[in-house]
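Engineer: mind folding the following:
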Amino acid sequence: MDQNTAPNPWRKLISRYIKSEMTKKGIKYEELSSRLAKTGTQQTAANLRNKINRGILGADLFVQILFVLETNQLSREQLIEILEEIEKNPN
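Structural biologist: Below is the predicted model:
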């Protein structure tokens, strides 16, 4: 297994965090793509789904996603909770 396909708790953290924010806001990948396009970032829904599911995206795209999801705060405590859950249930 290479680095891009190996299980990685940090990538899982990114994936779960973004998915949880999307769920809270009731936003699907198509709408996320549309919101990003309004800020000048072109990402198809399929491309976003792939990047988010893998947890592999650049810091700039991560921040843009948080911006368009109108995320008010990135809580360290929330991230710790997600990491602890990943440790308990790695799949």
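
Engineer: could you point out the longest helix in this protein?
Structural biologist: The longest helix of the chain (DSSP state H) is helix 9-25.

Engineer: avg pLDDT for that one?
Structural biologist: Helix 9-25 shows a mean pLDDT of 95.

Engineer: ok, and for that helix, which residues are buried?
Structural biologist: Applying a neighbour-count criterion of 16 or more other CB atoms under 10 Å, one finds 11-18, 21-22 buried in helix 9-25. Backbone N, C-alpha and C define where each C-beta goes, glycine included.

Engineer: please save the CA atoms from that helix in CSV.
Structural biologist: The C-alpha trace of helix 9-25 is given here as CSV (Å, rounded to 0.1, in the frame of the first residue of the first chain):
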residue,chain,number,x,y,z
PRO,A,9,-6.2,9.0,10.9
TRP,A,10,-5.6,12.6,9.8
ARG,A,11,-7.2,12.1,6.4
LYS,A,12,-10.1,10.3,8.0
LEU,A,13,-10.4,13.3,10.4
ILE,A,14,-10.6,15.7,7.5
SER,A,15,-13.1,13.5,5.7
ARG,A,16,-15.4,13.1,8.7
TYR,A,17,-15.2,16.7,9.7
ILE,A,18,-16.2,18.1,6.3
LYS,A,19,-18.9,15.5,5.9
SER,A,20,-20.3,16.4,9.3
GLU,A,21,-20.4,20.1,8.4
MET,A,22,-22.1,19.3,5.1
THR,A,23,-24.7,17.2,7.0
LYS,A,24,-25.3,19.9,9.6
LYS,A,25,-26.0,22.4,6.8
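
Engineer: which secondary structure elements does whichever helix or strand comes after it contact?
Structural biologist: Using DSSP states H and E, the next helix or strand after helix 9-25 towards the C-terminus is helix 29-38. For helix 29-38, the packing partners by 3 or more CB pairs under 8 Å, 6 or more residues apart in numbering; DSSP states H and E come out as helix 45-54, helix 59-68.
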